[in-house]
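Colleague: I need the structure of the sequence given here:
(chains A and B)
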Amino acid sequence: MKTRRTCVFAVRIALLTGLVVVITTRVCAEETSDFQSKISAANPVAHWSFRESDAVAEGVSLKPGPRSPTHPGFSVGNTGIGLKGGTHLVIPDEGIESRFDFDHGDSFSVEAMVNPTELKGYSAILTKGRTSNAGFPGDNQNWAFRLTSVGGKAGVNFLFRSRAGDHGPADWHRWTSKDGFAVGSGWHHVALSYTFGESDSIRAYIDGNEVEGQWDMGGATTAPPVVDDDEVWLGSTMGGNISNSFHGTLDEVALYRRVVPEKIFKSRFKYVPPPLVLPDPNPGVLQVNMHGPLSSDGSFPNDPGEPLVAWQQAELGFLRLPLKYNDWGIREDWGTAVMVRAVTEIELEPGEYEFLLRSRTATRLFIDRKQVVSLPKQKRGGGAHNQVKPVPDVVRSGMRPSAMDDVEKIVSFSSSGGRHAIVLDVMVGGPRLRLDFGEPCLAISNGMDMFHLLTPGQQSGSPLNDQGWLGFVDRLGKQLDSMDIEHRRQADQQQAYWNDRHQYAAERLVGESTGKSIDQLVNQRIVIAKQEAGDPDSFFNRNVRPIFAEHCYRCHGEKERGELNLHSQENVFAGGESGDAAVAPGKPEASYLMELVTSDSGDRMPPKGAGLNEKQIEILREWITQGGRLDSAPVKIAEVLPTVDDLTFLRRAWLDLVGVSPPVNVIRRFVQDGDHDKRSQMIDRLLADQRWADNWVGYWQDVLAENPNLLKPMLNNTGPFRYWVLESLRDNKPMDRFATELITMRGSTWGGGAGGFSVATLNDVPMAAKAHIIGTAFLGVDMKCARCHDAPYHETTQKTLFQLAAMLKRKPIKVPATSSVPEAFFDHVSAGGRESLIDVTLDVGSTVNPEWPFEVVSDEDLSQIISSDQDSRVRFAANVTFSRRFAEVIVNRLWKRLMGAGLVEPVDDWEGHQPVDPALLGFLTDEFIRGGYDLRLLTSQIMNSNLYQRAAQDVPANLVESDRFFEGPYRRRLAAEQIVDNAWHVAGREMNLGHLTMDIEGRLAPDYFMNFGQPKHAWEFTTMANERDRPSLAMPKMQAVVDTLLAFGWRNSRQEPTSHRIEEPNPLQPGVLANGVMGSWLTQLTDDSELTRLCIEAESVHELVETLFLRFLTRLPTPSEEQRFVNLLSSGFAERVVPEELLPPPVKLERMPYVSWSNHLDSAANSIKQKQEEVARRGDPPTRYLRVTWRECAEDALWALLNAPEMIIVP
Amino acid sequence: MKRRQFIQASVAASGAVMMGNVAHAAPSLPLGKAEHCVMLWLGGGMSQIDTFDPKKRGDAKQKKAGSYYAAIDTAVPGVQVCEHLSKTARMMENVTAIRTLNHDVVDEHAAAANRMHTGRSTGGTVTYPSLGSIVADQRGAVAEGVPAYMLLGYPNIARGPGFLGPKAGYVYSTNINSGPAGLARPKSIVGNRIARREGLLDTVRNAGSNRFAGDSKFAQYDAAIAESLRLAGPEFMNVFDLSREPDSLRNEYKSEFGQRCLLTRRLFQAGVRFVEVSYSDNFKNGTGWDTHNGGQLNQHLLIQDLDAALATLMEDLDKHGLLDKTVILVNSEFGRPGGFDSGGGRGHHSKCFTSVIAGGGLKHTGAWGQSDEVSEQVIEKPVSVPDYFATALAALQINPAANLYDGDRPVPITDLGKPIPELF
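Modeller: Here you go, the predicted model:
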């Protein structure tokens, strides 16, 4: 069988993360185009044309193919197949003598029309073997026809594996062309022929031109290829591995069992460039269309086709691209390069004009359909050795200079009056570039006056000075923000699924309701505990229990190590594993417990530290002598605390829900409001506030170890999935969906999707790190130790962790040498005379398979919530999120955040810890699941309880589990982010610190140098990453905020997850607020400070003092405070405002040259940054509107309020 | 089975060597008697062949590997250093240049800087503390009421406390004039404004204390405020006032880097335990110690700064009776090869490079270990990074075999390093 021609193939469309669908598709053309006829005439053994509409399935779709008239020979409606993310077609082999099998001496030709949108590693077009199918070796490549990057272009690539034999061992043989075509530049024809055994026989063609190439890996060979019955795959290989898959569109793939003659392949490709198409403007409208993907060679398309996004804006400048969202409403990448096209019509009086064009990327401007000016491609890379240049000159005094690397051109234009059509094309991105703009704009002037941004019709745009530009950017930013929200919510197609699933969860995971409320359950527990309490003064409780609690219970109580449980009288008398009584009543000498605590050898207990001291040992001896009875534990229960007053409630609710304290007008209205339901209404209002999401981001950044770096990824750096966290919370995504999106790592890796979680740079088993994070975050299972060894305090083993890691990786994992403990460590331990507490149970080099190691969600439930045969990440996510434990862990986290202590502690490691109030935890969990995993809803339930609204109680240093009764919430401090955000909030200032990036002109790749935009909230900061110790890399303004955050326990690097910030007070905390740069800024009365306005507008000193206390502390001043502050501010109060005629001119700030990564090694860069540090330290100039003496008094008052200890306490 | 029997059974199974170890305590390690430590950090990577491990002259233009400068004799017979280290050379009996330090991180400054601050390769699950934080954690400040660990340079992760938490962290200052961040008052707040501010704050603190009576979180933070106000006061801030030192001494210390060293001595006198001084005068040659390409041309200016600062610091400490009590380390993330790059400078090299340990009452030998003719390979007496850290810790009376605790988890204080016994 060599030339059989078949029309019908059974094709399985395997989706990487979706369903597996078996469909039947006819691959023979019904109406045959010229191109297809030519292929048929060349006698292929298989030929795919992708013309049937029934080939469309989820993830694989028919897309426009090469079409007439640009591709003569194709029909105008021709279609190809779109592939992305590892989607592919599967063509079963036909067994022995299959037409797909090529052996020694067989001739092979292949061709395809390709239109890749990006190249990731190797883009498989058509391959046989190496599918990762069960029953076949992983390297059984009979042949593979692929594309790969050669110098940034797409080259032709051929690969097969030879059989071991006389020629030597089996090996890879790979051939790559030396030239290629630009990715994104449309359709291309690629072809290749080869006769196995004749290494010189290889020929390759791109667009009809033969391309040179070379055998690289493994070299040329005469050895025969491996041949077996594995499948042929179209569009991918290696189990759908993304880096080995085709991304883009394919058409007319044909396979031959002969060498197709050169002249045939050379005559295939015909291309007629389309004519330049320029759209017509709509009067009065500035239309912006975004097109892509574009050719990676940076050339403008003549006809960009349909836009990806279209919008209208008021003025002609750009700030950023709108975001792309996938069908989960998660950020996705646009691709390598896009073009934005602005189209408008302006109306001019007759006369002479100048157009000013600025952009850092390739840009062209058409006026009245004639190209009048173009700007060059964006500069890329170039290292760090460029020179610092002076601030760019401006052609009008007061004009804003162009941004770093932006090119500026001015063209004269003479108008005879009337309307002119304007088309401006700006290219964004390119290979290894972020899709960032500089400050591109088109502005117009009459030749003498200031340039103004171009607007439609006759309107006048913003002047091109700082104020004008910043105002424009602010308005456009807000417009883009709301566009993004709308696009995201439209894109999301998952809500119906989650609604169904929540209904099912409510049926399966929730028990009967007891009808009791939070408050009833808390009270009930207190009543029972009082009845059952032991005598605090018994010898055991007073003396022995503290020893057991500190040294023993963790292993012999919460767990039963060695089968010994010190909570069980019976067990203590009978003894554990050893069979010897731990306690022989009245006989210390016969008690094994005494033997162990007094041992001086490797079996001493407790094993950690120095062991028990003499006094403690004596206590145990005495206790055993007296009979060794275990008494029930005494309890400490405080009186139930009273409900707090309105002001306290208000401040607490605001800090808890939106992270800042209430504004004065809200306070005044709330206090006067007589509605008995006003607290509940306030809770609802704050839950609907957008800042609710911001207030949670820092928490999840810690718990999920979100850890992007500014530059060059280091250990365990991730993508910036902070943006996905924020948007998920803004959209109030149910928490099971939130966890699912994270675990399945959907969306963009470096652009802010949950895909950013998939990365752990410089980590040799990133998925083990991720499994550990997911375990602590969502299951209360801590597997930190399991990375290298089994740990004494945990049941989870190394194997557990690696099984989970393999599920996330979607394939078996080999244990690397680093995931172990060196022999020397055990020598070190034993040299100290101890037995090691840890075991290494996985051998380095052993393979662990993807399997779910914990209690499994029932098959019935699994099949209800996900389709069978799902990818292992989806199964992982379902097993996590459809467990009751997941809901309990989330509930407990929220409870702790609002109440100051968890029902289970620690919240991220439940092993060996029981909930202090199982009934309450159960109730809240039921409510959470019934409520559809809605975090806001549960928050509202908790905050509406009496308990939440009671006075807070002190958290004693030794608060033990059994004494946690929630007589009132436990005292909490503000998180670092809240302290910082609230400080800016009360000072009435908006963060304006510039761009958080070391690559301000965008020359570098997104996975290498990030741009975090202009931070407005504390959660947006990152590490300052100046490990290089170079003044030129310092960011003094950012550093001021970061210093404050760090002092209060925020982490600038989150290499591992944590649920417990270290917040112990130290002098640097008050110090950084009192003396630090940020604290100084916020207590300076500047022109833009709201506080300055307050000071100017105040009608009396009393009113001002009261307002300031309400604003900072949400309370009125005490009489002594009132007296002191009023005294201070009374002197000079009447004359405090500088009269208009005496106002000094505003201070002009010096503009400094641009310093970025690209020029930071120039010595001038160091001096500039040192100067900026000095400027940052001084802060903005003081306001001109207040007299110096009075202003300084007022600033001192503000300083005292900002530094009040109440500013860091949740009341 | 009883616990003891189980242990004995497993020991027997693993052989006689283990048995011996269980039976006997660990051999005693040498411990020094130092109280302070300063780490002079030459970020970028000091070129060993151009400083403390000179070899035959090379030629950058002809790409001939070798030293860029001439070598000179030192106070220790047989030990030479580069000509730009002439002051240090005269005091070499107080110095040991460890010429055979080595590790395997060479591409990336930040990762290598982490290695040379923590003594560890970055693991998968633990953020390790820096040497300064380890010393702060183990020994605290020398005097009460001052920070244990101060950094004169830019804050970063490698310098941080890792799992030891903020109490083992640093107070930092980026230049001599600004004072320590968070402790020095802004320069604009002077005269009666200080008292006025604190008076107002007192009133607010009192009101708060009444409102939150009996609350430990409030009380602890309020106490921290008092402590912070004290540190911002004249007693500690005067330490930073270098104008109290004679001009002649300030001139001897020379550069900004030298002034930082002078400040270090004052900090030690005030009771600070550990100071890291970073070299930041990168403008002198453009690249700092990362002397690729043209950075090589003015490298001697940096070396002269180092020479003046190091030699003057040793003298000055000695004059105050502190040299034997102070371990001085000169560190960078890695060294540089003996050969030149295409621009006449030097790339990165970590297989064999030099760090310096001086003072601290150690038995110095001028140099330790032998590298090959271009200072690129270890010939004899290799010193691992953990061994180097163990040596510094032992000199500071800290047992290099002890454990730190990351929560429950014991973490050996060094990566099983052993001090160089001959220095003790």
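Colleague: Report the contact partners of A:Asn879.
Modeller: By CB atoms under 8 Å, 6 or more residues apart in numbering or on different chains, A:Asn879 lies in contact with A:Trp852, A:Phe854, A:Val856, A:Val857, A:Leu862. C-beta: built from backbone N, CA, C; applies to glycine.
Colleague: helix or strand for it, which one?
Modeller: Per DSSP states H and E: A:Asn879 is located in helix A:872-881.
Colleague: Using a markdown table, please lay out the contacts of A:Asn879 together with distance to A:Val372 and pLDDT.
Modeller: Listed next are these as a markdown table, based on distance: CB to CB, whole Å; pLDDT from 0 to 100:
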| residue | distance to A:Val372 | pLDDT |
| --- | --- | --- |
| A:Trp852 | 64 | 93 |
| A:Phe854 | 67 | 88 |
| A:Val856 | 68 | 76 |
| A:Val857 | 65 | 86 |
| A:Leu862 | 63 | 90 |
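Colleague: now, among those, which is nearest to chain B?
Modeller: Nearest to chain B, judged by CB to the nearest CB, of the contacts of A:Asn879 is A:Phe854 at 20.3 Å.
Colleague: Touching, that closest one and A:Leu779? I think so.
Modeller: Yes. Counting by CB atoms under 8 Å, A:Phe854 does reach A:Leu779; the two are 7.4 Å apart.
Colleague: before we move on, the earlier item: near chain B too, which of the contacts of A:Asn879?
Modeller: Among the contacts of A:Asn879, not one lies near chain B by CB under 8 Å from any CB of the partner chain.
Colleague: Give me the below-cutoff pLDDT ranges for the stretch 51-200 of chain B.
Modeller: Residues of the stretch 51-200 of chain B that meet the criterion pLDDT under 70 lie in B:123-125.
Colleague: Now do the helices in the stretch 51-200 of chain B.
Modeller: Applying DSSP state H, counting those that start in this stretch to the stretch 51-200 of chain B gives helices spanning B:86-90, B:109-118, B:131-139, B:192-211.
Colleague: Present those as JSON lines; the columns should include mean neighbour count and distance to chain A.
Modeller: As requested, the helices of the stretch 51-200 of chain B are exported to JSON lines (neighbours: other CB atoms under 10 Å in any protein chain shown; distance: least, CB to the nearest CB, whole Å):
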{"stretch": "helix B:86-90", "mean neighbour count": "20", "distance to chain A": "22"}
{"stretch": "helix B:109-118", "mean neighbour count": "24", "distance to chain A": "4"}
{"stretch": "helix B:131-139", "mean neighbour count": "24", "distance to chain A": "12"}
{"stretch": "helix B:192-211", "mean neighbour count": "17", "distance to chain A": "4"}
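Colleague: any idea which element the residue of the stretch 651-800 of chain A found nearest chain B lies in?
Modeller: Residue nearest to chain B within the stretch 651-800 of chain A: A:Leu715 (4.1 Å; CB to the nearest CB). Per DSSP H and E, A:Leu715 falls between elements, in no helix or strand.
Colleague: State the distance from it to A:Phe181.
Modeller: Remark: distance between A:Leu715 and A:Phe181 (CB to CB, to the nearest Å) = 38 Å.
Colleague: so who does the nearest residue to B:Gly344 once chain neighbours are set aside touch?
Modeller: Nearest non-adjacent residue to B:Gly344, counting by CB to CB, 6 or more residues apart in numbering or on different chains: B:Ala60, 4.1 Å away. Taking CB under 8 Å, 6+ apart, we find B:Ala60 in contact with B:Tyr68, B:Gln296, B:Phe340, B:Gly344, B:Gly345.
Colleague: quick one: which of those residues has the most company?
Modeller: Greatest neighbour count in the contacts of B:Ala60, by other CB atoms under 10 Å in any protein chain shown, goes to B:Tyr68: 26 neighbours.
Colleague: is it true that it touches B:Pro54?
Modeller: No. Counting by CB under 8 Å, B:Tyr68 does not reach B:Pro54; the two are 9.3 Å apart.
Colleague: Tell me who's in contact with A:Gly80.
Modeller: Listed by CB under 8 Å, 6+ apart, the contact set of A:Gly80 reads A:Phe50, A:Leu62, A:Lys63, A:Pro64, A:Gly65, A:Pro66, A:Met113, A:Asn115, A:Thr249, A:Leu250, A:Asp251, A:Glu252.
Colleague: Model confidence score at it, please.
Modeller: Reported pLDDT at A:Gly80 in the predicted model: 91.
Colleague: Kindly report the same for A:Leu16.
Modeller: Listed pLDDT for A:Leu16 reads 32.
Colleague: any idea how far the residue nearest to B:Gly344 lies from B:Gln48?
Modeller: Note on B:Ala60: its distance to B:Gln48, by CB to CB, is 16 Å.
Colleague: cool, A:Pro792 as well?
Modeller: Using CB to CB, A:Pro792 is found at 44 Å from B:Gln48.
Colleague: Please say which of these two ends up with more neighbours.
Modeller: Taking other CB under 10 Å, A:Pro792 and B:Gln48 do not tie; B:Gln48 has more neighbours (32 against 18).
Colleague: helix, strand or coil for the closest residue to the more buried one other than its chain neighbours?
Modeller: Residue nearest to B:Gln48 in three dimensions, not counting chain neighbours: B:Thr354, with 3.7 Å by CB to CB, 6+ apart. Put simply, B:Thr354 is strand when judged by DSSP: H, G, I helix; E, B strand; the rest coil.
Colleague: what's the answer for A:Val114, then?
Modeller: Of the three states, A:Val114 takes strand under three-state DSSP.
Colleague: ok, it - how many residues close by?
Modeller: As a burial measure, A:Val114 scores 26 neighbours (other CB under 10 Å).
Colleague: Surely it and A:Ile125 touch.
Modeller: Yes. Contact criterion CB under 8 Å: A:Val114 and A:Ile125 qualify, at 6.6 Å.
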